[in-house]
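Asker: build me a structure from this.
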Amino acid sequence: MPPRDALVFDVYSTLVDTMGISRQIEQFLPQQGQRVSAIWRQSQLEFSFRATLMERYEDFAQLTRKALGYALAVTGNTLTPEQQEALLAQYQRLEPFADVKPGLERLQADGYTMVIFSNGALSMLNPLLEATGLRPYFQDIISAEEVRIYKPTPKIYHHAAQRVGRTPAQTRLISANPFDVTGALAAGLKAAWVDRTGSPADPLGQLPDIIVKNISQLPDALAELEA
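Answerer: Below you'll find the model as predicted:
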C-alpha cells in the first residue's frame, strides 16, 4: 500500500485570521482597520511575488514590515514607530479560526502526517504557533526561508514534498489562498481549498478534488475521497 498523503498546511488566512488584526489597527486609527489590514495583507503577498520574480529574496518578516508601511502610506495614515511595532508584534498573535482546532484534533486522531508549510519566516511562525496553541498538532514546520523563494513557485512545493518524504502526488496542500492552491496543483501536488469566504476560484488554475468551507469539514472530505 502506498503511504497516505501527507498534509501540508498553509498558515495565514488558512489557520489564522489575518484580517482580525483590524481590531488592533482600529485602536490607533478609528474606522480604518478593515481597509488598512486588507491592503497590508495584499501588499505582503504582492511583495513576496515580486521578490521571487526579481530573484531578490527578503525575509517574510521584513516584507510584512514594509507592507504595513505601504498600507499606511496608501491610506494616508501615520503611526508612531511604537504603534507600528505593536501591530507587528500582534501579527505573531493572530487568532486561529474557530474551526481549526476541532478539525486538527480529528485529523491528528486519524493519524495523518501534518506539517506547517508557509511563506512565513520561522521568526514569525514559531511565536505564532506557540501563542495560538497550534504547535502540538504539527510534526514539523517548513518555511520558505529554507529555499529562499516564495509560493507559488514550483520549487517550494517540490521542497515541501521532499521534506515530508513523499512524492508531490502523495502530498496535499491545505490552503485558503486560491493562488496557493493553483501553485500546488501546477507543481503536481494535490490540494484542498478551504474556501472560507465563498470567493471565486483562481481562473489560472483548476479546481482541486477537495473544497471545504473550513478545517472542521476536512476530515470527512478526506475520508470520503479515500473511501
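Asker: off-centre distance for stretch 25-35?
Answerer: 23 Å (Cα atoms, centre = their mean, to the nearest Å).
Asker: can you check stretch 12-29 too?
Answerer: Relative to where its chain is centred, stretch 12-29 has its mean C-alpha point 14 Å off (Cα atoms, centre = their mean).
Asker: regarding this protein, what is its longest helix?
Answerer: helix 33-53 (DSSP state H).
Asker: what does it contact?
Answerer: The contact list for helix 33-53 (Cβ atoms under 8 Å, 6 or more residues apart in numbering) reads 12-13, 18-19, 21-26, 29, 57-58, 60, 63-64, 66-68, 70-72, 74-75, 77, 119, 149-151, 153, 179. Just so you know, the C-beta spots here come from the backbone N, C-alpha and C atoms, and that holds for glycine as well.
Asker: quick one: it to chain centroid distance?
Answerer: What separates the centre of helix 33-53 from the centre of its chain is 13 Å, taken as Cα atoms, centre = their mean.
Asker: what's downstream of it, the next helix or strand?
Answerer: As assigned by DSSP states H and E, the chain's next helix or strand after helix 33-53 is helix 60-74.
Asker: and the helix or strand just after that next one, what's buried?
Answerer: Downstream of helix 60-74, the next assigned helix or strand under DSSP H and E is helix 81-90. For helix 81-90, a neighbour-count test (16 or more other Cβ atoms under 10 Å) marks 83-84, 87 as buried.
Asker: mind listing the strands for this protein?
Answerer: 6-9, 114-118, 141-143, 171-175, 190-194, 210-212 (DSSP state E).
Asker: any low-confidence regions in the protein?
Answerer: 1-2 (pLDDT under 70).
Asker: this structure - how does it break down into domains?
Answerer: 6-16+95-226, 18-93 (automatic domain parsing).
Asker: pick the most buried one from those domains.
Answerer: Across the domains of the chain, averaging neighbours per residue (mean count of other Cβ atoms under 10 Å) puts domain 6-16+95-226 on top, at a mean of 19.
Asker: one step back: nearest to residue 191, of the buried residues of helix 81-90?
Answerer: Set against residue 191, the nearest of the buried residues of helix 81-90 by Cβ to Cβ is residue 87 (31.2 Å).
Asker: who touches the closest one in this structure?
Answerer: When contacts are counted by Cβ under 8 Å, 6+ apart, residue 87 touches 21, 24-25, 28, 68, 79.
Asker: distance check, it against residue 100.
Answerer: According to Cβ to Cβ, to the nearest Å, residue 87 stands 22 Å off from residue 100.
Asker: tell me the phi and psi of the closest residue to residue 201 other than its chain neighbours?
Answerer: What sits nearest to residue 201 in space, not counting adjacent residues and going by Cβ to Cβ, 6 or more residues apart in numbering, is residue 207, at 5.8 Å. Backbone torsions of residue 207, given as degrees, to the nearest 10, read phi -80, psi 140.
Asker: correct me, but residue 207 touches residue 192?
Answerer: No: in this structure, residue 207 is not within contact of residue 192 by Cβ atoms under 8 Å, at 11.0 Å.
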